[in-house]
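1. I would like to see how this sequence folds:
(one chain, ligands or ions: 1)
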Amino acid sequence: MSDIKIVEAPPGIEGSGFFATSFDKVIGLARANSLWPLPFATSCCGIEFMATMGNHYDISRFGSERPSFSPRQADMLLVMGTIAKKMGPVLRQVYIQMAEPRWVIAVGACATSGGIFDTYSVLQGIDEIIPVDVYVPGCPPRPEAYLDGLLKLQDLVKNEPLRRRHSPEYKELLNKYGIQ
Ligand code: SF4
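-> Numbers count the residues shown, from 1 in each chain. The predicted model follows:
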């Protein structure tokens with residue numbers, strides 16, 4: 001017997017031979033289960049991501065098996081590792097090159113807060129230069145924590161209204177970072 005689980009249907013109205021739901025929910029479901037990652041890995045947390053991609057943890061179960069090293073073809077920026085201040089503008093440029101809708105996960109203590117590197121040369125959290133949707137704690141986080149972060153992001157993506165990216169609130173958020 002197969003143990004493959006079918007993704008739960010979004011809330012809607014069901015009857016014999018039909019199912020109706022809102023356009024937002026259908027798009028959210030599709031987006032959440034096809035988040036292509038851009039792995040921005042600068043140090044040890046990146047190694048743990050390799051394990052998450054491998055066959056044991058198998059990130060492809062969540063529709064994210066296709067790492068994209070070209071920003072325009074990526075949906076989810078995974079920042080993994082220590083980000084030196086000199087690297088900040090490069091990371092920001094990658095984020096800006098990603099097409100909307102785009103999401104960001106700060107993976108591990110370094111990307112989240114600078115981690116143990118409380119020094120003049122290290123960025124004390126990537127949210128100083130780009131907006132972050134989900135933070136994954138750990139030094140390094142285990143693959144389960146990566147996947148937990150991905151599940152949390154999927155919840156956000158599923159429930160994101162289609163108009164959010166055109167809302168004044170979202171524009172204000174980007175403006176805070178000096179991004180148009
Ligand atoms: S959080 Fe820890 S494991 Fe991850 S990059 Fe920083 S020092 Fe390395």
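2. what residues does the chain put near the ligand?
-> Within the chain, the positions near the ligand by C-beta under 6 Å from any ligand atom are Ser43, Cys44, Cys45, Gly81, Thr82, Gly108, Ala109, Cys110, Gly115, Cys139, Pro140. For glycine as for every other residue, the C-beta is placed from the backbone atoms N, C-alpha and C.
3. between these, which is nearest Leu91?
-> Gly81 (10.5 Å; C-beta to C-beta).
4. ranges for the strands of the chain?
-> For the chain, applying DSSP state E gives strands covering 13-15, 18-20, 37-41, 76-80, 103-107, 134-136.
5. how about residues contacting the first one?
-> The reference is to strand 13-15. With contacts defined as C-beta atoms under 8 Å, 6 or more residues apart in numbering, strand 13-15 is touched by Phe19, Ala20, Thr21.
6. of those, which is the most crowded?
-> Thr21 (14 neighbours; other C-beta atoms under 10 Å).
7. identify the residue spatially nearest to it, adjacent ones excluded.
-> In space, Thr21 comes closest to Gly12 once its chain neighbours are excluded; the distance is 3.1 Å by C-beta to C-beta, 6 or more residues apart in numbering.
8. ditto for Pro10
-> That would be Lys25: by C-beta to C-beta, 6+ apart, it lies 3.7 Å from Pro10.
9. contacting residues around the one you found?
-> Lys25 neighbours (C-beta under 8 Å, 6+ apart): Pro10, Pro11, Gly12, Lys158.
10. report the two of these separated the most.
-> Gly12 and Lys158 (13.3 Å).
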